[in-house]
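[1] predicted structure and sequence below. I'll ask about it afterward.
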Protein chains: 2
Amino acid sequence: MEIKQPKGTKDTFGKDKDIKDYIISILKKNFEIYGFNALDTPAFESYEVLASKYAGGEEILKEIFKFKDQGGRDLGLRYDLTVPLARFITMNPQMKLPFKRYQIGSVWRDGPIKLGRYREFTQCDVDTIGSKNLIADAELLSLANKIFNELSLKYKFLINNRKLLDDVLIKSGVKLGDLTRTILLLDKLDKVSQETIKDELRGFLDGKTIENILSYLKFNFLELKNEFKNSEGYKELETLFNYLKQMNVRNFEFSLKLARGLNYYTGNIFEAYLIESEIKSSIAAGGRYDRMINDFIQDPEKKFCAVGISFGLDVLMDALKLKKEKFESKLKEVFVISINRDKEALELTSFLRNNDLRVEIDLMNRNIGKNLDYANSVGINYVIFIGDEEIKKKRFKLRDMNSGKEELLTKEDLIKKLK
Amino acid sequence: MEIKQPKGTKDTFGKDKDIKDYIISILKKNFEIYGFNALDTPAFESYEVLASKYAGGEEILKEIFKFKDQGGRDLGLRYDLTVPLARFITMNPQMKLPFKRYQIGSVWRDGPIKLGRYREFTQCDVDTIGSKNLIADAELLSLANKIFNELSLKYKFLINNRKLLDDVLIKSGVKLGDLTRTILLLDKLDKVSQETIKDELRGFLDGKTIENILSYLKFNFLELKNEFKNSEGYKELETLFNYLKQMNVRNFEFSLKLARGLNYYTGNIFEAYLIESEIKSSIAAGGRYDRMINDFIQDPEKKFCAVGISFGLDVLMDALKLKKEKFESKLKEVFVISINRDKEALELTSFLRNNDLRVEIDLMNRNIGKNLDYANSVGINYVIFIGDEEIKKKRFKLRDMNSGKEELLTKEDLIKKLK
């Protein structure tokens, strides 16, 4: 029997897990500051829900890990957190709006494995449901801005609008029925050469249309104003940029090329990238999707317009690892070494732990020297010695394992020093 | 299409999720204070690993959610966190010992649904691997004691030892080959009547043996000393009780009836119960299992002796809900209402959020009255009004939504007041 993790999965332990938990704590704290509430949903959903035509679409279906329960029900591991959100809203249609929820959880896709691409990964999704107000869009970008600042990451947001992109493409000569496939191709412009994209566009667009598109793509936001100031998408971007300024968010630029692969976006779309970094994947992305949940629910009132952002936990972990900063567990690590005073060592250990210090004590019956070696090898910050002398004096010898400096301290002073 | 969660699963939101996150934060904090490090493993494992004869045993096999990936590999959702731990140790045999890890994660069992019993539930496991020292056992009980105190739960630990139980049963007349099935029956003594258990024992034990067992079960720890003071199990309990006293853990009692169903336990075993509570399930349980990981790994040195405890997150959630205390999100909820001063309202909102206050602003274009109604209905703690007057005076009107009291404060005083 070969004992290992399943293909495309991994264990997370030690420094990686510290970084993961640190990022999640920053995300969670700020999601709540911005008024979002946490939701947990099951790891699997009924297959019918996952495969709904209003959910992820054809290409995701074959990547679902599918199974049956003993009652013969068809189930599948969730491949994103948006379908469970839509299912949750369907089951709770009377909820107060806006419904601001976040969810941090694993998702699973039975797809090809690449470097940094796993079959189990964590999504961190934040969505505002039920508000058409573009302040909701701006809030998400402001939230991301605060998070990236706290993580000391230099980044910029690229922002576009799907309605504006549609209008530009139509004005260029693209027919309504060709919009989606044109957008899906433009979305690849950063990954594939322009020539390749042009070749593929020639399959269904004439040369003039393609030239029009490519020349518009060079325009900045102001240069588009003359021709598109009455486009709803253009106006939405003006409003959004205005809100961002009022919220003091500055690291963004307009990018007409930004398309976002998923075809359920309907308005503003955005992606955040690191600058001055070897990491090229986006660290967060999202946009407005006013139709998807309404279609899923088949709500006649169409109340459930939505805007969301998703943070890439794995890419954020990679970014923080590259910074080579030390992610010390917030707690200093203390090791108590008994010099033939096991009872008192145990009492001291309990006392320190009851004061919320992280303390370990020998469990391997090692001698003093071996315990010091162990403390050194696992990166213990402080060692406390306790023997006859220490008990008589009611003072304990504290050794700083980095500097080697030693001092004699009372129990109370140990707490003060180590807190 | 029926849109709901799969059978035996649930969503967690609102107050339930607040309680869940609160308990997890207390668990996590204290696991780390006691020197344990977090491990994440994949949700699924290869089916071969899950079905290993050294893992969960026959009865669990049929409750595994089993599936294949596109490459035809047999996989299954994990049904506990111990098998993934054994698999992790097998893959990292050179780790420094003791290996102290905790894991908080979902597990899945395709079993019958009962009240409070789900097919997806969270386990919170803490294990020390590689130490024979019974301080490791005592640490786990001390850890649980600290956690239950912080959660303000009144509880007691029942403690027994599998070797002592074996010795008592053998002295009563039970043959070696009948030990396991005798223990599994005794384990049910609290759930089923003594007569039923006696009937079942009569199937393979004679009357005298059964009488011996039942009379020993009435003995307290001291009363057993005379006959069993040389039993290794008795000595282990004496040592453990001694350590617990040194660690100032007092809420425990010896219970020879305690058997713990799983047959992989080898030494001290323990279960914690609430006292003065309608909840009868254990809130934490565990014990020493020195053979299981060694057998799984087939380690010739038998280095990987182990002791662990598992906390029941769902039953702890139920216990805290019964206490009817309010689990307010630690952050006060603030709502900013613009009186025709949207720009300044947005700036103020950003300012407060940048000071880590939880702040919301209208996203539904409601008027002042409707916004106040909304704030009231969702339990907002404070409302801040911002209009011409406020901007001129650079003072903002803060209304305490509980008391109705209002005061005029500068931006800086708002922070001080609301922090």
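    Happy to help now that I have it. Numbers count the residues shown, from 1 in each chain, chains lettered A, B, ... in the order given.

[2] domain parsing for chain A?
    By the record's domain assignment, chain A is partitioned as A:15-322, A:333-418 (automatic domain parsing).

[3] out of those, flag the one nearest B:Glu333.
    Distance to B:Glu333, taken as CB to CB, is lowest for domain A:15-322 among the domains of chain A, at 7.5 Å. Any C-beta I mention is one placed from the backbone N, CA and C, and that applies to glycine too.

[4] distance between the ends of the closest one?
    Counting by CA to CA, to the nearest Å, you get 13 Å between the two ends of domain A:15-322.

[5] quick one: mean pLDDT over it.
    Model confidence over domain A:15-322, given as mean pLDDT, is 94.

[6] now that domain: how far from the chain's centre is it?
    Between the centre of domain A:15-322 and the centre of its host chain there is 12 Å, according to CA atoms, centre = their mean, to the nearest Å.

[7] neighbouring strands - and their directions - for whatever helix or strand A:Val334 lives in?
    Assignment of secondary structure by DSSP states H and E places A:Val334 within strand A:333-338. Note on strand A:333-338: by DSSP bridges, its sheet partners are strand A:358-361 (parallel), strand A:382-386 (parallel).

[8] what sits up against the shortest one?
    Where contact means CB atoms under 8 Å, 6 or more residues apart in numbering or on different chains, the residues beyond strand A:358-361 that reach it are A:329, A:331-336, A:338, A:345-346, A:349, A:352-353, A:380, B:32-35, B:100, B:135.

[9] hmm, 6 Å instead?
    By CB atoms under 6 Å, 6 or more residues apart in numbering or on different chains, the surrounding residues in contact with strand A:358-361 are A:331, A:333-336, A:349, A:352-353, B:32-33, B:35.

[10] same question, the longest one
    Under the criterion CB under 6 Å, 6+ apart, residues A:334-338, A:341, A:344-345, A:348, A:375, A:396-399 lie in contact with strand A:382-386.

[11] what does the stretch 251-400 of chain A have sitting close to chain B?
    Of all the residues in the stretch 251-400 of chain A, those in contact range of chain B (CB under 6 Å from any CB of the partner chain) are A:331, A:343, A:346-347, A:350, A:353, A:356, A:358, A:360, A:363-364, A:378.

[12] could I get those residues as TSV with pLDDT?
    Supplementary listing: these in TSV, determined by pLDDT from 0 to 100:
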residue	pLDDT
A:Leu331	79
A:Lys343	94
A:Leu346	94
A:Glu347	95
A:Ser350	95
A:Arg353	95
A:Asp356	94
A:Arg358	95
A:Glu360	94
A:Leu363	95
A:Met364	94
A:Val378	90
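
[13] related to what we said a few turns ago, now render the domains of chain A as TSV, adding mean neighbour count and distance to B:Val307.
    Written out in TSV, the entries for those read as follows (neighbours: other CB atoms under 10 Å in any protein chain shown; distance: least, CB to CB, whole Å):
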stretch	mean neighbour count	distance to B:Val307
domain A:15-322	18	22
domain A:333-418	17	10
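
[14] mind checking which of those domains is nearest B:Arg117?
    For those, proximity to B:Arg117 was assessed by CB to CB; domain A:15-322 is nearest, at 14.7 Å.

[15] you'd agree A:Val49 is in a helix?
    Yes - the secondary structure assignment for A:Val49 places it in a helix, going by DSSP: H, G, I helix; E, B strand; the rest coil.

[16] so how far is chain B from A:Lys245?
    Counting by CB to the nearest CB, to the nearest Å, the separation of A:Lys245 from chain B is 9 Å.

[17] what lies in contact with the helix or strand encompassing that residue?
    Secondary structure from DSSP H and E places A:Lys245 in helix A:232-246. Residues outside helix A:232-246 that contact it (CB under 6 Å, 6+ apart): A:134-135, A:137-138, A:161, A:163-164, A:228, A:267-268, B:343, B:346-347.

[18] closest to A:Val249 out of the residues you listed?
    Checking these against A:Val249 with CB to CB, the nearest one is A:Ala138 at 7.5 Å.

[19] so where do the helices sit in the stretch 101-250 of chain A?
    Listed from the start of the chain, the stretch 101-250 of chain A has helices (DSSP state H, counting those that start in this stretch) covering A:135-150, A:162-172, A:179-186, A:194-202, A:207-216, A:221-228, A:232-246.

[20] from the contact counts, what lies against the fifth one?
    This points to helix A:207-216. Counting contacts by 3 or more CB pairs under 6 Å, 6 or more residues apart in numbering or on different chains; DSSP states H and E, the secondary-structure elements packed against helix A:207-216 are helix A:162-172.

[21] what does the helix it packs on rub up against?
    Outside helix A:162-172, the residues touching it (CB under 6 Å, 6+ apart) are A:179, A:182, A:209, A:212-213, A:216, A:231-234, A:265-266.

[22] now the angle from it to helix A:179-186?
    For the pair helix A:162-172 and helix A:179-186, the angle between their directions (axes from the mean of the first three to the mean of the last three CA atoms, to 10 degrees) equals 100 degrees.

[23] need the CA coordinates for helix A:162-172. CSV is fine.
    The C-alpha coordinates for helix A:162-172 follow below in CSV (Å, rounded to 0.1, in the frame of the first residue of the first chain):
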residue,chain,number,x,y,z
ARG,A,162,-18.8,44.5,-18.9
LYS,A,163,-21.5,46.9,-20.3
LEU,A,164,-18.8,49.3,-21.5
LEU,A,165,-16.9,46.5,-23.0
ASP,A,166,-20.0,45.3,-24.8
ASP,A,167,-20.7,48.8,-26.1
VAL,A,168,-17.1,49.2,-27.4
LEU,A,169,-17.3,45.8,-29.1
ILE,A,170,-20.6,46.5,-30.7
LYS,A,171,-19.4,49.9,-31.9
SER,A,172,-16.4,48.1,-33.3
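
[24] contacting residues for A:Asp127?
    The contact partners of A:Asp127, taken as CB under 6 Å, 6+ apart, are A:306, A:308.

[25] for A:Pro98, that is, sorry about that
    A:128, A:130-131, B:363.

[26] and those, which is closest to A:Lys156?
    A:Thr128 (22.8 Å).

[27] and the residue of the stretch 101-250 of chain A nearest chain B?
    Per CB to the nearest CB, the residue of the stretch 101-250 of chain A with the smallest distance to chain B is A:Ser131, at 3.7 Å.

[28] contacts only, for that residue.
    A:Ser131 makes contacts with A:98, B:363-364, as judged by CB under 6 Å, 6+ apart.

[29] any chance of the residues you listed in TSV, plus secondary structure?
    Output for the contacts of A:Ser131, formatted as TSV (three-state DSSP):
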residue	secondary structure
A:Pro98	coil
B:Leu363	coil
B:Met364	coil
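
[30] leaving out the residues flanking it, which one is nearest to the residue nearest the centre of chain A?
    When chain A is reduced to its mean C-alpha position, the closest residue under CA atoms, centre = their mean turns out to be A:Phe311, at 2.6 Å. Leaving aside its chain neighbours, A:Phe311 sits nearest to A:Cys124 (4.1 Å; criterion: CB to CB, 6 or more residues apart in numbering or on different chains).

[31] what does A:Ile368 give?
    Taking CB to CB, 6+ apart, and ignoring the residues beside it in sequence, A:Ile368 has A:Ile337 as its nearest neighbour in space, at 5.9 Å.

[32] let's verify A:Leu75: helix, strand, or coil?
    With three-state DSSP as the basis, A:Leu75 sits in strand.
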